[in-house]
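Chemist: Quick check, what structure comes out for this input:
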Amino acid sequence: MNKVAIVTGGNSGLGYATSKKLCDNGIKTYIIGRSEDKTKKACNEIGSNAFPIIFDLNNLDEISTMIHEIAEYGTIDILVNNAGINMKKEFENVTNEEFSTIIHTNVLSVFAISREVVKVMKKNNGGSIINISSMASQYGLPKVIAYAASKGAIESMTRAMAVELAEFGIRVNCVAPGFIKTNMSEKAFNGDEERKQRALSRTPMGVFGNPSDIANAIYYFASNESMYTTGTVLPIDGGNSIGF
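Modeler: Numbering: from 1, shown residues only. From the prediction side, this is the model:
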């Protein structure tokens, strides 16, 4: 039986690369995105194994219905919690509402969709959940306080979920991208050449990564090759997190 995956935010960047990797390997993949045009376009480009789900994950109370509808067509074997937002702003200028918005999208939605998918995975005796963190959770990065806090929460959630769900055959792991060439990273640098060069200078490999580098790591956690791996946080960062 072919596996079934869900990739949140799968219509661009790391999510798009991940969706393509899964689909290219015969995995039926539901791509969740807020933009109908963007999500359907991505699915058309990726191919026949990609299916669009137009949904805003901030609508927490509606997530259960969405997952139930997907599960009606079969199992859910893989969940990739990729959707997330960032904001570059001086610490003292971040409002309560802005901080809350980042946490809502990056943490609460991950919790809510994971909870509903776990109910399906338990019935089917297993599955793999892959969360996406960031090197912003590994060390201090200025001007992204809310994003850093959200990704720290994701890594803690990964370990807690892994321990609680292991007995049900559900593995939970996390990929922590370093500086990858995406639209989001471009906005984070936002014309700040000094910040960009600083990131490169402490990356031993000397280059930024590609979305496919992240997709390959996610595919490892989604596949049977990682059957004895759970609760890990894997940096894919060209050595940035240990760079001098």
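Chemist: Run through the residues that contact the nearest residue to residue 162 once chain neighbours are set aside.
Modeler: Counting by Cβ to Cβ, 6 or more residues apart in numbering, the nearest residue to residue 162 once its immediate chain neighbours are dropped is residue 231, at 3.3 Å. All C-beta atoms are positioned from the backbone trio N, CA, C, and that covers glycine. Contacts of residue 231 were listed using Cβ atoms under 8 Å, 6 or more residues apart in numbering, and they are 158, 159, 162, 163, 172, 173.
Chemist: any idea how far residue 147 is from residue 231?
Modeler: Per Cβ to Cβ, to the nearest Å, residue 231 is found 23 Å from residue 147.
Chemist: Which strands or helices does the longest helix seen in the chain pack on?
Modeler: Ranked by residue count under DSSP state H, the longest helix found in the chain is helix 145-165. Judged by 3 or more Cβ pairs under 8 Å, 6 or more residues apart in numbering; DSSP states H and E, helix 145-165 is in contact with helix 96-103, helix 109-123, strand 127-132, strand 170-177.
Chemist: Of those, which is nearest residue 202?
Modeler: strand 170-177 (15.3 Å; Cβ to Cβ).
Chemist: what's the offset of the helix or strand following that closest one from the middle of its chain?
Modeler: The element immediately downstream of strand 170-177 (helix or strand, assigned by DSSP states H and E) is helix 183-189. For helix 183-189, the separation from the chain centroid amounts to 16 Å (computed by Cα atoms, centre = their mean, to the nearest Å).
Chemist: same question, stretch 228-236
Modeler: With Cα atoms, centre = their mean, you get 13 Å for stretch 228-236.
Chemist: Just the buried positions in that stretch, please.
Modeler: 230, 231, 232, 233, 234, 235, 236 (16 or more other Cβ atoms under 10 Å).
Chemist: and what of stretch 16-33?
Modeler: In stretch 16-33, counting by 16+ other Cβ under 10 Å, buried: 16-23, 27-33.
Chemist: Closest one to residue 83 out of those, please.
Modeler: Nearest to residue 83 among the buried residues of stretch 16-33 is residue 32, at 7.0 Å by Cβ to Cβ.
Chemist: how close does the closest one get to residue 213?
Modeler: 22 Å.
Chemist: and if you look at residue 125?
Modeler: For residue 125 relative to residue 213 (Cβ to Cβ), the value is 32 Å.
Chemist: between the two, who's got more neighbours?
Modeler: residue 213 (19 against 10; other Cβ atoms under 10 Å).
Chemist: neighbours of residue 64, just the number please.
Modeler: 14.
Chemist: Over to it. Which of the three states is it?
Modeler: helix (DSSP: H, G, I helix; E, B strand; the rest coil).
Chemist: Go ahead and confirm it touches residue 117.
Modeler: No. Residue 64 lies out of contact with residue 117 (Cβ atoms under 8 Å); the separation is 10.3 Å.
Chemist: Apart from its neighbours in sequence, what residue is nearest the spatially most central residue of the chain?
Modeler: In the chain, the residue lying closest to the centroid (Cα atoms, centre = their mean) is residue 82, at 2.1 Å. Using Cβ to Cβ, 6+ apart and skipping the chain neighbours, the partner closest in space to residue 82 is residue 15 (4.2 Å).
Chemist: that older thread, relative to residue 154, which of the buried residues of stretch 16-33 is nearest.
Modeler: residue 18 (15.9 Å).
Chemist: wait, what's in contact with the closest one?
Modeler: 7, 10, 80, 82, 211, 214, 215, 218, 219.
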